[in-house]
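J.: What follows is a predicted structure for the sequence shown.
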Amino acid sequence: MNAPESFLNDLPIFTNSFAALPAAFYTRLDPHPLPDPCVVGLSGEVADFLGLPAGFQSSPQFAEIFAGNRLLPGSEPLAAVYSGHQFGVWAGQLGDGRAHLLGGLCNASGHWEIQLKGAGKTPYSRGADGRAVLRSSIREFLCSEAMAGLGVPTTRALCVIGADYPVRREAIETAAVVTRVAPGFVRFGSFEHWASRDRDQEVRQLADYVIDTFRPQCRAAANPYDALLRDVSVRTGELMAHWMAVGFMHGVMNTDNMSILGLTLDYGPFGFMEAFDSGHICNHSDTYGRYTYRNQPHVGQWNLYCLADAFLPLLKRPEIARAAVDETYGEAFEQTFARLMRGKLGLLAAMPDDEDFIGETFGFLQQHRPDFTTFFRVLSRLPAVPDRENQAKTDAPLRDLFVDRAACDAWLDTWRARLAQTPWSDDQRQVAMLACNPKYILRNWLAEAAIRQARDKDFSGVQRLLTCLRRPFDEQPEFEDFAALPPDWASGLEVSCSS
Ligand code: AMP
Ligand code: MG
């Protein structure tokens, strides 16, 4: 076996590109140690694409490093400053109150930055403790990796490290640290921060950093800043479409939680749609339902307007800042959403009436409230042309999701009529649909069961869920229980901002 130190010698060298920005953008500080850390969950895939040496994960150094007790070679930890709009209201300065950006690396799989979440206070903690609890850390870890498995743009998670260190929330819980991995963690609020202070030069420096580091293609445009804004707008539109198509609800779409790279960022009180209700509020703290499922595309646009306003000093014609959003966002959202929904419904090619049919389908789901994920998964296996005599039997797996079977039959007739307009082999269609309609999503009750086990120091549930959710479209008979609807004990589960 390798001596522990030799792993440190084999690690890739990290550099912190964000640290090249002027000092006002961040505060340099080391993570705070967490006593007796242990590995709660680990994504082998993330470890692989980071190029971490084999065997490192099982060395004692691993938990020490990703608890923040030892530094990675070359890392220059820092906490970044940002501001933002929270629940539609300007909140002023926020910043990484419990995140330390360690640095990043470039390799064949891309540019990756590594951030510890929950490794103690920073100058931006605003009186809070800088920690994250085991519960929310497991949820963020699992959901990051589940979303990646679903093909949704997202920050990734390397691991969760836990410890017995007590943390006070509504009750006393224990601390944990999630290692997040992404090309970058710049937020809409990072720009709003400087714009709100009329610091045009810093807005420009940040935009230049984002362009040069992540979007060099924008440099070639007549106005690189306008090109960047449009890029963010398109990616955010695409991201919202992905969320809607998998039934993901972020729960806290504040502008400080919006990624400039169009990634799902900051997993808190998120949820996946179960019994369909477009007005579902997944965040118990969202009293007025600002972030319901159906509001997400609109909120994405609202947030982009905040970003556009922050870009005003950079644009040659500031009066068109919001137009950059208007000219790109809606189209990116609608086209991506239509494409994803056609995939979910097994429609081979676009037809003029698709938008109506998709709208009608959502109306039907809203009225009858089947489990969103199960509905599309079961639909995938139904034949395009049923044998009329046995139709009730053939369609039973879907009909059983409805109290009103006649309504289900009527919708199926419409669906089949639409399928007939762009026919393809049933086998091919079913395979294609199964690749668009996941069998496994991170239901709250699944996360909760794994969290309860982990509190008793049994981390096998976290790892099992991770293994399953990395391949959400594949049948995995050993994980059949994870595809089940919520059990009775889970009916009262609530998720709030407390994390
Ligand atoms: P969130 O609602 O998790 O997106 O957090 C909003 C802001 O509060 C961000 O600036 C976080 O860094 C900060 N924050 C949240 N929880 C804590 C905590 N326990 N300690 C310090 N800062 C926190
Ligand atoms: Mg946040």
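T.: Structure's in. What do you need? Numbering: from 1, shown residues only. Ligands and ions are numbered 1, 2, ... in the order given.

J.: Do you have the strands of this protein handy? List them.
T.: 26-28, 38-42, 78-80, 83-86, 89-93, 99-107, 110-117, 132-133, 156-168, 172-182, 248-249, 271-272 (DSSP state E).

J.: Can you tell me which of those strands is nearest to Q205?
T.: For the strands of the chain, the distance to Q205 is smallest for strand 26-28, at 12.3 Å, taking CB to CB. Every residue, glycine included, has its C-beta placed from N, CA and C.

J.: if I pick whatever residue of the chain ends up closest to ligand 1, what's in contact with it?
T.: Ranked by CB to the nearest ligand atom, the top residue of the chain for proximity to ligand 1 is G97, at 2.4 Å. Listed by CB atoms under 8 Å, 6 or more residues apart in numbering, the contact partners of G97 are A79, K121, T122, Y124, S125, R126, A128, G130.

J.: got the strands of the chain as CSV, with mean neighbour count and mean pLDDT columns?
T.: CSV is the format used below for the strands of the chain (neighbours: other CB atoms under 10 Å; pLDDT from 0 to 100):
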stretch, mean neighbour count, mean pLDDT
strand 26-28, 17, 98
strand 38-42, 22, 98
strand 78-80, 24, 98
strand 83-86, 23, 98
strand 89-93, 13, 98
strand 99-107, 21, 94
strand 110-117, 22, 95
strand 132-133, 24, 98
strand 156-168, 22, 98
strand 172-182, 24, 98
strand 248-249, 26, 98
strand 271-272, 22, 98
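
J.: Of all the ones you listed, which one is nearest D354?
T.: Closest to D354 of the strands of the chain, according to CB to CB: strand 248-249, at 22.2 Å.

J.: from what I can see H85 touches C306, true?
T.: Yes - counting by CB atoms under 8 Å, H85 touches C306, with 5.6 Å between them.

J.: Now list whatever residues contact both of these two.
T.: With CB under 8 Å, 6+ apart as the test, H85 and C306 both reach E192, T255.

J.: From the chain's centroid, how far away is stretch 473-487?
T.: 21 Å (CA atoms, centre = their mean, to the nearest Å).

J.: right, I mislabeled it, should have said stretch 224-243
T.: The answer for stretch 224-243 is 16 Å, by CA atoms, centre = their mean.

J.: What average pLDDT does it get?
T.: Taken as a whole, stretch 224-243 carries a mean pLDDT of 98.

J.: Buried by neighbour count: which residues of that stretch qualify?
T.: 224-243 (16 or more other CB atoms under 10 Å).

J.: which residue sits closest to Q367, ignoring its sequence neighbours?
T.: For Q367, ignoring the flanking residues on the chain, the nearest one in space by CB to CB, 6 or more residues apart in numbering is A407 at 7.3 Å.

J.: Output the strands of the chain in a markdown table; the columns should cover distance to ligand 2.
T.: Formatted as a markdown table, these follow (distance: least, CB to the ion, whole Å):
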| stretch | distance to ligand 2 |
| --- | --- |
| strand 26-28 | 16 |
| strand 38-42 | 21 |
| strand 78-80 | 12 |
| strand 83-86 | 8 |
| strand 89-93 | 11 |
| strand 99-107 | 8 |
| strand 110-117 | 9 |
| strand 132-133 | 11 |
| strand 156-168 | 15 |
| strand 172-182 | 11 |
| strand 248-249 | 16 |
| strand 271-272 | 17 |
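
J.: could you dump these to TSV with distance to ligand 1?
T.: Listed next are the strands of the chain as TSV, based on distance: least, CB to the nearest ligand atom, whole Å:
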stretch	distance to ligand 1
strand 26-28	13
strand 38-42	18
strand 78-80	8
strand 83-86	7
strand 89-93	8
strand 99-107	6
strand 110-117	9
strand 132-133	7
strand 156-168	8
strand 172-182	10
strand 248-249	15
strand 271-272	15
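
J.: got the residues of the stretch 201-350 of the chain near ligand 2?
T.: N257, D266 (CB under 5 Å from the ion).

J.: Tell me how many other residues surround S137.
T.: Look at S137: counted by other CB atoms under 10 Å, it has 30 neighbours.

J.: likewise the one 5 residues further on?
T.: The burial metric for L142, expressed as a neighbour count using other CB under 10 Å, is 25.

J.: With only the CA atoms kept, save the longest helix seen in the chain in CSV.
T.: Selection of the longest helix in the chain by residue count, based on DSSP state H, yields helix 224-246. Coordinates of each C-alpha in helix 224-246 appear next as CSV, following Å, rounded to 0.1, in the frame of the first residue of the first chain:
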residue,chain,number,x,y,z
PRO,A,224,-18.1,40.5,-26.2
TYR,A,225,-20.2,41.5,-23.2
ASP,A,226,-23.4,41.4,-25.2
ALA,A,227,-22.3,38.0,-26.5
LEU,A,228,-21.7,36.8,-22.9
LEU,A,229,-25.1,38.0,-21.8
ARG,A,230,-26.8,36.2,-24.6
ASP,A,231,-24.8,33.1,-23.9
VAL,A,232,-25.9,33.1,-20.3
SER,A,233,-29.5,33.8,-21.4
VAL,A,234,-29.5,30.9,-23.8
ARG,A,235,-27.9,28.5,-21.3
THR,A,236,-30.3,29.5,-18.6
GLY,A,237,-33.3,29.0,-20.9
GLU,A,238,-32.0,25.5,-21.7
LEU,A,239,-31.4,24.8,-18.0
MET,A,240,-35.0,25.8,-17.1
ALA,A,241,-36.3,23.5,-19.9
HIS,A,242,-34.2,20.6,-18.5
TRP,A,243,-35.6,21.2,-15.0
MET,A,244,-39.1,21.3,-16.2
ALA,A,245,-38.7,18.1,-18.3
VAL,A,246,-37.4,16.1,-15.3
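
J.: give the contact list for Y293.
T.: Y293 touches M244, G247, M249, M273, D277, S278, G279, H280, C282, counting by CB under 8 Å, 6+ apart.

J.: and with 7 Å instead?
T.: Shown in contact with Y293 (CB atoms under 7 Å, 6 or more residues apart in numbering): M249, M273, S278, H280.

J.: cool, I260 as well?
T.: I260 neighbours (CB under 7 Å, 6+ apart): V186, R187, F188, V210, V232.

J.: So the closest residue to the first one other than its chain neighbours versus R230, what's the distance?
T.: Leaving aside its sequence neighbours, V186 sits nearest to I260 (CB to CB, 6+ apart; 4.4 Å). I260 sits at a distance of 13 Å from R230 (criterion: CB to CB, to the nearest Å).

J.: Then L340?
T.: 21 Å.
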